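[1] Provide a 3D model corresponding to the input given below.
(one chain, ligands or ions: 1)
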Amino acid sequence: MSTITVSAPGKLMLLGEHAVVYGKPCIVTAIDQRMHATVTLTSEPLFHLDAPDVQVENYEKPMNILGEGDIPKGAKFVEQAVHNFLKKHPYSGGLTIRTFSDFHAQFGFGSSSASTVCVIGALAKLLNPSMEKKEIFDLSYQTVLDIQGKGSGFDIAAAVFGGTLFYVSPGTTIEPLDALELPLLIGYTGVKADTVTLINEVKKRAEKYPQDIERIYEEMASLAMRGREAVEKKDWKTLGELFDFNQGLLESLGVSSLKLALLIHSAREAGALGAKLSGAGKGDCMVALTEGNEKKSVIEALQTHGQYIEIACHAEGLRTE
Ligand code: PMV
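    So this is what the prediction gives:
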């Protein structure tokens, strides 16, 4: 076999963002918007990448200088992923890679992480079929840290394992939860959030108020643990209330925004069981839980104050197409 196409899901954080960077648990769900990668082994030792979603076309360089020199922004994760894989599993040929996504990179669904997982997953299938999912996770997470310096790896876990996970960084706990019927609605702010900038802003606040922020993280950890129970019991009312608590704590960290607050409050007023921002904050998406008749009015509220994105959560992890 010398060519393969794989796909991996995007993600949405349900509970515990920011605290998860500091060792606390979070809950993440994989979504049915996927990243795809086709990887072909070639004989000439040349790396060729097309990633039209991130404006990379016909990008080429010799295999022996991967990870070196000026790398276009859209190629960084994929090139580093290949570099890291080949350091562990040497190979003397070349590679042609094409990535393409079901979703817009702006949404904050984790396109960089999902493409990293796709490339490492595809190389594993082609060059080292006995590689376990946990090793794919570890190499992918290392790649994200190499490029972005920070991050808990929750998005990598969702891309590799799929479903809904109770996760502790750096992958010490990756526990699947039964959340097939999670009644989640998504609102998009139209604003791109920068994860690393927001992690740094929160870090500054923690330097000024170390004990207060630690207490917030501990409370978030407790919400994630109660959230795990609520998910398992399909107690959406409690989970909604936990979303609201978590949103209050995220407000205290300073990562909400007017647009997020508008979407969150209008979803609640339209009858949502609870609503919160999802991810780093200050933009990207928010999540709301609804049951029964309120779904329609919550969707209308999201459409009025931002964009409603129809997705299914609890999607399958990395797979061969
Ligand atoms: O902005 P997103 O969707 O990548 O989420 C970031 C979540 C953080 O907890 C702030 C960072 C992380 O890597 O866990």
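
[2] Give me the packing partners of the helix or strand that T38 is a member of, helices and strands only.
    Element membership for T38 (DSSP states H and E) is strand 26-42. In terms of contacts (3 or more CB pairs under 8 Å, 6 or more residues apart in numbering; DSSP states H and E), strand 26-42 is packed against strand 3-15, strand 94-101, helix 111-127, helix 154-161, strand 164-168, helix 210-233. Bear in mind the C-beta positions are built from the backbone N, C-alpha and C, glycine included.

[3] Tell me which of the ones you listed is the most buried.
    Mean neighbour count, computed with mean count of other CB atoms under 10 Å, is highest for helix 154-161 among the helices and strands packed on strand 26-42, reaching a mean of 30.

[4] where does the protein have low pLDDT?
    Residues of the chain meeting the criterion pLDDT under 70: 1.

[5] Stretch 175-183: which residues count as buried?
    Going by neighbour count (16 or more other CB atoms under 10 Å), the buried part of stretch 175-183 is L177, A179, L182, P183.

[6] got the contact list for that stretch?
    With CB atoms under 8 Å, 6 or more residues apart in numbering as the test, stretch 175-183 has contacts from 27, 29, 161, 163-167, 228, 231-232, 234, 236, 289-291, 295, 313-314.

[7] chain center to that stretch: distance?
    The chain centroid and the centroid of stretch 175-183 are separated by 16 Å, computed with CA atoms, centre = their mean, to the nearest Å.

[8] How about stretch 220-234?
    Centroid separation between stretch 220-234 and its chain, computed with CA atoms, centre = their mean, is 19 Å.

[9] Is there proximity between that stretch and the ligand?
    No. Judged by CB under 6 Å from any ligand atom, stretch 220-234 and the ligand are separated, with a smallest distance of 10.0 Å.

[10] Identify the residues contacting that stretch?
    If you take CB under 8 Å, 6+ apart as the criterion, stretch 220-234 is touched by 14-16, 18-19, 24-27, 164, 166, 175, 177-179, 181-182, 235-236, 238-239, 242, 245-246, 249.

[11] tell me which parts of the stretch 51-200 of the chain are close to the ligand?
    Counting by CB under 6 Å from any ligand atom, the positions of the stretch 51-200 of the chain adjacent to the ligand are G108, G110, G151, S152, F154, D155, A193, T195, I199.

[12] Just the closest residue of the stretch 151-300 of the chain to the ligand, please.
    When CB to the nearest ligand atom is the measure, the stretch 151-300 of the chain has its nearest residue to the ligand at G279, with 2.6 Å between them.

[13] got it, and the stretch 1-150 of the chain?
    E17 (3.9 Å).

[14] so where does that residue fall, helix or strand?
    Per DSSP H and E: nothing holds E17, as it lies in no helix or strand.

[15] Give the burial count for it, as a bare number.
    The number of residues packed around E17, counting by other CB atoms under 10 Å, is 30.

[16] Return the residues in contact with it.
    Listed by CB under 8 Å, 6+ apart, the contact set of E17 reads C26, L250, L277, S278, G279, A280, G281.

[17] Among those, name the ones in strands.
    Cross-referencing the contacts of E17 against strands under DSSP state E gives C26, L277, S278.

[18] I71 falls within a strand, correct?
    No. Assigned with DSSP: H, G, I helix; E, B strand; the rest coil, I71 falls outside any strand and is coil.

[19] That one contacts F77, doesn't it?
    No. At 9.7 Å, I71 and F77 do not qualify as touching, with contact defined as CB atoms under 8 Å.

[20] These two: which has the busier surroundings?
    Neighbours around I71 and F77, counted as other CB under 10 Å, are more numerous at F77. The numbers are 27 against 18.

[21] how near is the more buried one to K61?
    The span separating F77 from K61 equals 15 Å under the rule CB to CB, to the nearest Å.

[22] One more: T320?
    27 Å.

[23] Compare the two and say which is more crowded by neighbours.
    Each of T320 and K61 has its neighbours counted (other CB under 10 Å); K61 has more, 17 against 10.

[24] can you give me the angle the helix or strand hosting the more buried one makes with strand 94-101?
    Under DSSP H and E, the secondary-structure element containing K61 is strand 56-62. When axes from the mean of the first three to the mean of the last three CA atoms, to 10 degrees is applied, the directions of strand 56-62 and strand 94-101 differ by 160 degrees.
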